[in-house]
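*Asks:* I'll drop the sequence and a predicted model, then ask my questions.
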Amino acid sequence: MDDLKKEVKKSDQSNLVAFLLIIILIGVFVLLIDDYDKQPEDANVYIQAGHEGRIFGNTGSVSAYGREMDWNTIVADEATRILRNAGVSVIRAKADHKRKSNIQLALSIHFDGSNRACRTGASIGYPHYSDRSAARAWKQIYRPIFPFKWMPDNFSKNLSRYYNYYYTQASDAELVLELGEISCPEQARWLKPRLKRLGALVAYFAAQRIGVWSVAKPRI
Ligand SMILES: [Zn+2]
């Protein structure tokens, strides 16, 4: 009897092992199909609205003046609209687009937030030494306009090691643009009525980088 019980137990165990193997195989298959679906996309410019589309996790800063996610979306949408009107192809990505892209220029739009208001301001992030000339060009455009503090390039890991750099393969540069601090009342009051025009400024910058001269510089 004991032997029989052991046999039954053994076959239960091997059933379990077989079941787990099948689950793992299905998992691998689903992952492969998912990747197959996501062949790299090609375009001139990639514009991501930071945090957009997320309902949990890092959903961005919030202040009395608005949600960062919404501000990012306004800027990214306006920049995309203007660039597409000028004949530039744009990949307009949300926070978790999770698809590799071959582009000339990748821009991720953000506004900073700080627990202690007004500790930060505008800043810029990038992963490669070769991105620095585009970073400098953006600062040349935005610095004379933005009347508040600038933080050093890549001053946080969110800037220097931004998760989305993994997905963007840019021939010119990939940049995170922090356009100001949403949690700083002075900055937020200046930024909020200018979000669309900041989108136009981002479009102008992107167009200049890729040699499209028909996009005008907006008055901010
Ligand atoms: Zn952000």
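*Replies:* Good, I have the coordinates.
*Asks:* indicate the residue of this protein located nearest to the ion.
*Replies:* Residue of the chain nearest the ion, by CB to the ion: His110 (3.6 Å). Placement of C-beta: from N, CA and C, glycine included.
*Asks:* just to check, Trp150 is in contact with Ala122?
*Replies:* Yes: with contact defined as CB atoms under 8 Å, Trp150 reaches Ala122; the gap is 5.3 Å.
*Asks:* who's more crowded, these two?
*Replies:* The neighbour comparison of Trp150 against Ala122 (other CB atoms under 10 Å) goes to Ala122, with 23 against 17.
*Asks:* and the more buried one, how far from Cys184?
*Replies:* Here Ala122 is placed at a distance of 11 Å from Cys184 (CB to CB, to the nearest Å).
*Asks:* identify the contacts common to those two.
*Replies:* Residues touching both Ala122 and Cys184 (CB atoms under 8 Å, 6 or more residues apart in numbering): Phe148.
*Asks:* CA atoms only for the lengthiest strand in the chain, dumped as CSV, please.
*Replies:* Secondary structure of the chain read by DSSP state E shows that its longest strand is strand 168-181. Coordinates of each C-alpha in strand 168-181 appear next as CSV, following Å, rounded to 0.1, in the frame of the first residue of the first chain:
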residue,chain,number,x,y,z
THR,A,168,15.2,55.7,-28.7
GLN,A,169,18.0,55.3,-31.2
ALA,A,170,18.7,58.9,-32.3
SER,A,171,21.2,60.0,-34.9
ASP,A,172,21.3,63.5,-33.5
ALA,A,173,20.4,63.4,-29.9
GLU,A,174,18.0,62.1,-27.2
LEU,A,175,17.0,64.7,-24.6
VAL,A,176,14.8,65.0,-21.5
LEU,A,177,13.5,68.6,-21.4
GLU,A,178,12.4,69.7,-17.9
LEU,A,179,10.7,73.0,-18.8
GLY,A,180,10.4,74.4,-15.2
GLU,A,181,9.1,73.5,-11.8
